[in-house]
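**Q** pasting the sequence and the predicted coordinates here, then a few questions.
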Amino acid sequence: MSTGTELTNHQFRLAARPSGLPKPTDWEYRAQPVAGPADGEFLVEISHLSLDPAMRGWMNAGKSYIPPVEIGEVMRAGAIGRVIESRNPRFAVGDHVSGTFGVQEYAVSDGREVRKVDPDVAPLATYLGALGMPGMTAYFGLLDIGRPKAGQTVVVSGAAGAVGSVTGQIAKIHGCRVVGIAGGAEKCRLLTDELGFDAAIDYKAEDVKAALREHAPDGVDVYFDNVGGDILDTVLTRLARGARIVICGAISQYNNTEPVRGPANYMSLLVHRASMTGMVVFDYADRFRAASAEMAGWLADGRLKVREHVVEAGLEAFPDTLLSLFSGDNVGKLVLKIRD
Ligand code: NAP
């Protein structure tokens with residue numbers, strides 16, 4: 001039996017399936033009383049919400065790697081919070097936890113797929129970034145699918161974002177030459193001056209093909225693709241023999257009202273005996289603990305630098321903050337902090 005509480009929960013539910021960029025009318029903002037936990041459950045007060053490009057895909061109907069969010073459901077989101085009431089022996093009041101708690105202020109959980117996080121090891125927002133899902137995506141996408149070797153050239157798009165910034169640094173740790181592609185001079189400066197990338201290409205201001213010729217003169221051995229579209233097509237023209245392309249995401253296509261555009265230059269895979277492989281981070285869940293421990297070590301010894309773009313605002317800021325992923329306003333992992 002669950003018990004009532006005096007608390008009110010504000011939430012964002014999906015009201016309509018968007019066409020193009022999500023509009024305010026695609027959301028329902030609702031207030032409702034918080035139910036206390038039943039036996040085996042605990043109540044989480046959410047402090048940090050993870051805003052991810054994948055959320056746009058979850059708003060669409062149809063088959064994907066996980067079911068869509070249904071109309072009327074609380075929007076799915078990764079989050080961090082604190083346990084404030086518990087009837088589960090594994091989770092105590094005061095524990096900080098990470099899980100898919102949704103775009104809301106409070107969530108009840110039975111503990112499945114929830115992990116405890118330690119604010120003394122890293123800031124809480126980092127558990128949504130480098131030590132969370134984006135970091136795991138970078139780690140397994142690059143190392144398991146990209147399989148870079150020391151001395152090879154790795155190109156990463158979306159390079160100043162949550163996944164891309166970590167991917168490039170892991171490639172550097174593995175002795176590669178790393179070229180990042182990002183939007184704007186400031187992001188490019190961050191990549192080369194602070195995160196140790198060998199070169200950066202501003203796709204908004206430069207001719208990407210010419211810049212790749214300059215920065216990857218022997219061709220691209222690993223391309224970690226976060227954006228798809230024209231940039232993928234351009235990198236396809238600059239592959240080295242045996243190149244591996246990691247299809248991590250295609251953010252340039254997520255708000256298309258036309259069907260996704262496939263790469264015209266795919267015959268380059270044949271010419272260069274190359275491969276292009278999709279990856280979904282959840283497939284590596286049984287290895288997250290070990291990867292996250294290795295990443296925490298790199299963080300501690302300064303080889304991995306992390307960026308979180310923390311927007312401190314109420315839950316009401318969710319729809320607008322989500323859109324900043326698509327305008328490229330974020331540098332590093334976008335997090336909405338809704339309370340201390
Ligand atoms: P992010 O890179 O932190 O944020 C999104 C960035 O995408 C923006 O800052 C913007 O940077 C760039 N962008 C937006 N519109 C673009 C466009 N039209 N063309 C080129 N770049 C554009 O997001 P993230 O969380 O790290 O995710 C990066 C990618 O990884 C996404 O495609 C996401 O879906 C994917 N992902 C996949 C998995 C998986 O399991 N396969 C898991 C996590 C994430 P600029 O200013 O540089 O344009």
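**A** Structure's in. What do you need? From a predicted model like this one, the values you see are computed outputs, not experimental measurements.

**Q** what does the stretch 101-250 of the chain have sitting close to the ligand?
**A** Residues of the stretch 101-250 of the chain found near the ligand (CB under 6 Å from any ligand atom) are 133-134, 137, 158, 160-164, 182-184, 187, 226-227, 248-250. Every C-beta, even on glycine, is put in place using the N, C-alpha and C of the backbone.

**Q** let's see it at 8 Å
**A** The stretch 101-250 of the chain has residues 133-134, 137, 141, 157-165, 181-184, 187, 203-204, 226-229, 231, 247-250 near the ligand, with proximity defined as CB under 8 Å from any ligand atom.

**Q** can you list the domains in the protein?
**A** 8-129+306-337, 133-282 (automatic domain parsing).

**Q** please state the offset of the first one from the chain centre?
**A** It stands for domain 8-129+306-337. Average the C-alpha atoms of domain 8-129+306-337, do the same for its chain, and the two points are 13 Å apart (CA atoms, centre = their mean, to the nearest Å).

**Q** can you tell me which of the domains of the chain is most buried?
**A** Greatest average neighbour count among these goes to domain 133-282 (a mean of 20), per mean count of other CB atoms under 10 Å.

**Q** now do that domain, average pLDDT.
**A** Per-region confidence: domain 133-282 scores 97 on mean pLDDT.

**Q** ditto for stretch 45-62
**A** For stretch 45-62, the mean per-residue pLDDT is 97.

**Q** surely residue 95 and residue 80 touch.
**A** No: the pair formed by residue 95 and residue 80 falls short of the contact definition of CB atoms under 8 Å, at 11.1 Å.

**Q** residue 56: what secondary structure?
**A** helix (DSSP: H, G, I helix; E, B strand; the rest coil).

**Q** now the residue nearest to it when sequence neighbours are not counted: how far from the ligand?
**A** Nearest-residue entry for residue 56: residue 254, 4.5 Å, with adjacent residues in sequence omitted and distances by CB to CB, 6 or more residues apart in numbering. Relative to the ligand, residue 254 is positioned 7 Å away (criterion: CB to the nearest ligand atom, to the nearest Å).

**Q** all the helices of the stretch 51-200 of the chain, residue numbers only.
**A** With DSSP state H, counting those that start in this stretch as the criterion, the stretch 51-200 of the chain has helices at 54-58, 133-140, 162-173, 185-189.

**Q** residue 332 is nearest to which of those?
**A** Relative to residue 332, the nearest member of the helices of the stretch 51-200 of the chain by CB to CB is helix 162-173, separated by 5.8 Å.

**Q** packing partners of the closest one?
**A** Taking 3 or more CB pairs under 8 Å, 6 or more residues apart in numbering; DSSP states H and E as contact, the helices and strands that helix 162-173 lies on are helix 133-140, strand 153-157, strand 177-182, strand 220-225, helix 288-300.

**Q** and the angle for that helix with strand 177-182?
**A** Inter-element angle recorded for helix 162-173 and strand 177-182: 160 degrees (by axes from the mean of the first three to the mean of the last three CA atoms, to 10 degrees).

**Q** next one, pLDDT for residue 3 please.
**A** 64.

**Q** same question for residue 85.
**A** In this prediction residue 85 is given a pLDDT of 97.

**Q** distance of it from the ligand?
**A** On the measure of CB to the nearest ligand atom, residue 85 and the ligand end up 32 Å apart.

**Q** for that residue, what are its contacts?
**A** Counting by CB atoms under 8 Å, 6 or more residues apart in numbering, residue 85 touches 5, 36-37, 42-43, 93.

**Q** narrow those to those in strands?
**A** With strands taken from DSSP state E, the overlap with these comprises 5, 42-43.

**Q** tell me the contacts of residue 211?
**A** residue 201.

**Q** so how far is the helix or strand containing it off the chain centroid?
**A** Using DSSP states H and E, the secondary-structure element containing residue 211 is helix 208-215. Relative to its chain's centre, helix 208-215 lies at 27 Å (CA atoms, centre = their mean).

**Q** next: stretch 203-222.
**A** For stretch 203-222, the separation from the chain centroid amounts to 24 Å (computed by CA atoms, centre = their mean).

**Q** what of stretch 261-281?
**A** Computed by CA atoms, centre = their mean, the separation of stretch 261-281 from the middle of its chain amounts to 22 Å.

**Q** touching the ligand at all, it?
**A** Yes: residues of stretch 261-281 contacting the ligand under CB under 8 Å from any ligand atom: 278-281.

**Q** out of these, which is nearest to residue 59?
**A** In terms of CB to CB, no member of the residues of stretch 261-281 next to the ligand lies closer to residue 59 than residue 280, at 17.7 Å.

**Q** center of this structure - which residue?
**A** Centroid-nearest residue in the chain, with CA atoms, centre = their mean: residue 134, separated by 4.0 Å.

**Q** in the sheet, which residues pair with the residue lying closest to residue 192 once chain neighbours are set aside? Tell me.
**A** Spatial nearest neighbour of residue 192, chain neighbours left out: residue 200 (5.1 Å); criterion: CB to CB, 6+ apart. Beta-bridge pairing of residue 200, defined through DSSP bridges, involves residue 180.
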